[in-house]
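Enquirer: Just a sequence and a predicted model for now, questions to come.
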Amino acid sequence: MARYHTDCIERPLRICFEMIGAFIGSHPWWFLTAPLILSTGLGCGFYFLKDRMSNNIEEQFTPADGRAKMERKYIQETFPGNDSMFSSLRMSTDGNYATLIATSDGNILTVESLQDILDLDLKIRRMVMKFDNQTFENVDVCAEVMGTCTSNDILDIIDYNANNIVNLVFPWYRTDLRSIPLHLSLGSVNLNKGVVESAKAIQLHYYLREDNKTKIDLWLESFIQLVANESSSSIQVSYSTSMSMQWEFEKSPASVIYLFSITYAIAIAFSILSCWRLDNVRTKVWVASCGVLSTGLAVLSGFGALLLLGQPFVMTVASCPFMILGIGLDDMFIMISCWQRTRVLDSVPDRLADTYRDAAISISITTLTDALAFFLGYSSPFGSVQSFCLYAGISVCFCYLYSITFLGACMALNGRREAENKHWFTCAIIPEDLPATDSKSFSVCCVGGSYDRITEKEETEPMSQIFERFYGPFLTHKLIKACVFVIYAVYLAVSIYGCFILKEGLDRRNLALDDSYISNYYNTQKQHFSEYSCIVMVAVKQPFPYWDEDEQRDLFSCISKFENLNYVNGTFGWFLSFQQYANATNFSIHSQEAFQTHLHQFLKLNSMFRQDINWTADNQIQASRFFIQTLNKTTMKDMMSGLRETAEECPVELLVYHPAFIYFDQYTVIMENTIQTILVAVIVMLVVSLILIPSPLCSVWVAFAICSVIVGVTGFMSLWGVNLDSISMINLVMCIGFSVDFSAHISYSFVSSPKSDVNEKAGDALARLGYPIVQGALSTVLGVVVLSMSGSYIFRTFFKIVFLVITFGLLHGLVFIPVFLTVFGAGWKWC
């Protein structure tokens, strides 16, 4: 059978790297000092780190082009807020507020509990803060309604008197003047014929103006401090503010700083131990230490360069050094393994040239795929993903550069020491064999430099011998191959099942640390106020003749469609109240003139509704809005999508909006964007493999390994309780690069093996790279294992997914791919 070669790119690259290795081996000091100088210069960018921090939750964790952001812009332009007539229902943003939930194990509507709540409310409203040498209280910063601070409905109803417990109609308490949504104030309610019999929770809100952020933040901090230090025998209090999530989120990086030192200490210890040899000359202790230093320089340079260029630094980037450490050590172990297979008697430049010839292509494939995966991830609509991918991609490039230069120079200098048979620590020349006059204990620390006299290479490591003599023949046995196929089928079945039950979306509470006070608040809110969801505003975007009965039918048919949704509880708005007002006063509003005349009278009595109507210059209604109360009977994604679809189906031009939709928009794009990024990345990885691995079928198996690992990681992360969100998307993008590493190493070594039999080729590939791959996998896992102790969901998710990626990548690289290559004969070279 004719054989065609596809190594027209791979072969020249091998020759090029061979020349680079020889040059670095001849001039190691140049390539040792240049990276140090470069990283020192670029590291100056860390001076700007504080200025480059960009941890705004909305900017980083919501789609940049989200639909809700355009809807918010329309609402803000069409229905501008009125500072003198504040209404929480009509806010286009979260606004500024503080809130607390008082709970009781029994009934909170008792005199004792209500009195404690009233006392706490009074303390909050009378807090005194100092700003610009002046004192201020709640009354100076509160949101106002007709010159008076906004109050809490439940306290207004009892007239701030704990003994004045009235019959409360739930969920809407109606007075002569207005209807009060009591479900916003009372939680875990027991009813008796629609009247509240008991309740377990009361929620209070304190809304503030938006004119002076520094002053508002000071009040919110004082609120947190006051409520945190309050205690009561009758109630338990949980609390939060509009800035709490942002402030708690910004604490996350500080929570893992101490883990960096632990991680690098573990990495150095593992690298030294795994590269330690009993031979005092051939041991690679210094190379291992320099390998860890090389990754540190890569992070310093990559981060510093982007900080100098003004690139925003998002908190998610803080997990990047852990990943770069694993990639750098993986490359180091491959290079050390190739160095040990060179002839000991050759000159250092020749040995380094042979090392680069064998190793550089392999680490180039993995670096190129890692970097491309990250740069492709930069197309994500999430700012946090973009920032992580850019910092990671640039750092990977520096890691590769320093592995070729700095680490290569360190290997050359270490090679010179070996060539002169000098001790690894004292650098004194020591004998190769034990002198007859010395004891055997002398050989432990003062003898070294032995090598295999037949092959003229360093003696094979015990672990490599295990792969060569035992594991390779074991894995290529026919019965074991059959078992491998069965194991893979089970792995794939479980993974696919996990993919089908994968949940989408980032729960905002996961952005805070586990021990944060807002975690308690969200848990309490979910426990006691979970029946009702948000009140969504619906804007009528077109001029509409509300007096025309035929046109009214179209609008009311739209309202009926909304109310027929099982997660909609009711509708309220200015024109519904206006109709009730007209019916009660026997006014006719079925002509334009009568409608407008009586409407102005109605708005004088109900001035809050003025904010729901947009008038043209000639006194025509250009747009208006009404509100629908939703229930927690479906997912946020389905609720938002259902409301939008219902609005689009109406004959009247409608728009639905709530400030929370800004965050819910992630549900609409996260799955599609992740799949798109992964598919494009897999195609790019396939192209890279086809170019650099001289076997098309082998390249296809590398692409197959990427897809298989991604399916496995996605499925098992779902089973491990991780949702698909912008945090896990970052890690799945990283997964694309990591998943190719081990399979590419084995596949390239398989193709490059001089053996003719496919089983022997697999055994040879495992003997060459099996142990370095295990070293690289363990170093990566050890690099992130400390994150499992983090109090942050973001960093724990990073650990979980990296652990899955490395585990499944190792499984594919050392078990599945070698077996598949032998079965399907990928050892052939054909075009």
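Expert: Perfect, thanks for sending it. Numbers count the residues shown, from 1 in each chain.
Enquirer: so what's Leu811 closest to, chain neighbours aside?
Expert: Distances taken as Cβ to Cβ, 6 or more residues apart in numbering place Tyr491 nearest to Leu811, at 7.7 Å, with adjacent residues excluded. Just so you know, the C-beta spots here come from the backbone N, C-alpha and C atoms, and that holds for glycine as well.
Enquirer: oh, I was asking about Ala765
Expert: Ala765 sits nearest to Ser749 (Cβ to Cβ, 6+ apart), 3.9 Å away.
Enquirer: Assumed that neighbour was part of a strand.
Expert: No. If the criterion is DSSP: H, G, I helix; E, B strand; the rest coil, then Ser749 is helix and not within a strand.
Enquirer: ok, it - how many residues close by?
Expert: By other Cβ atoms under 10 Å, 23 other residues sit near Ser749.
Enquirer: quick one: it and Ser362 touch, right?
Expert: Yes. Taking Cβ atoms under 8 Å as the definition, Ser749 is a contact partner of Ser362 at 7.2 Å.
Enquirer: the strands in the stretch 151-300 of the chain, which residues?
Expert: Using DSSP state E, counting those that start in this stretch, the strands of the stretch 151-300 of the chain run over residues 172-174, 179-181, 186-187, 190-192, 195-198, 201-208, 236-241.
Enquirer: Which parts of the stretch 1-150 of the chain are strands?
Expert: Under DSSP E, counting those that start in this stretch, the stretch 1-150 of the chain gives strands at 96-103, 129-131, 134-136, 144-145, 148-149.
Enquirer: Packed most tightly, which of those strands would that be?
Expert: strand 96-103 (a mean of 22; mean count of other Cβ atoms under 10 Å).
Enquirer: neighbouring contacts of it?
Expert: For strand 96-103, contacts defined as Cβ atoms under 8 Å, 6 or more residues apart in numbering pick out 88, 108, 113, 116-117, 120, 124, 143, 187, 200-210, 216, 219-220, 223-224, 227, 235-243, 521, 524-525, 528-529.
Enquirer: Quick check: mean pLDDT of stretch 493-505?
Expert: For stretch 493-505, mean pLDDT is 90.
Enquirer: Distance from the chain centre to it, please.
Expert: 18 Å (Cα atoms, centre = their mean, to the nearest Å).
Enquirer: same question, stretch 447-456
Expert: So, by Cα atoms, centre = their mean, the centroid of stretch 447-456 is 50 Å from its chain's centroid.
Enquirer: Centre-most residue in the protein?
Expert: Ile727 (1.4 Å; Cα atoms, centre = their mean).
Enquirer: Tell me which other helices or strands the helix or strand harbouring that one touches.
Expert: Taking DSSP states H and E as the definition, Ile727 sits inside helix 726-752. If contacts are counted by 3 or more Cβ pairs under 8 Å, 6 or more residues apart in numbering; DSSP states H and E, helix 726-752 sits against helix 320-340, helix 348-377, helix 383-402, helix 666-692, helix 696-719, helix 758-784, helix 793-811, helix 817-823.
Enquirer: picking up where we left off before, from Cys8, how far off is the residue nearest to the centre of the chain?
Expert: To Cys8, Ile727 is 42 Å away according to Cβ to Cβ, to the nearest Å.
Enquirer: Identify the bridge partners of the residue nearest to Phe223 when sequence neighbours are not counted.
Expert: Spatial nearest neighbour of Phe223, excluding adjacent residues (Cβ to Cβ, 6+ apart): Ala98 at 4.4 Å. Beta bridges link Ala98 to Tyr206, Thr241, judged by DSSP bridges.
Enquirer: Check the offset of the helix holding Ile727 from the chain's centre.
Expert: Using Cα atoms, centre = their mean, the offset of helix 726-752 from its chain centre is 19 Å.
Enquirer: what about it, average pLDDT?
Expert: On average, helix 726-752 scores 77.
Enquirer: Report the angle between that helix and helix 320-340.
Expert: Put simply, helix 726-752 runs at 10 degrees to helix 320-340, going by axes from the mean of the first three to the mean of the last three Cα atoms, to 10 degrees.
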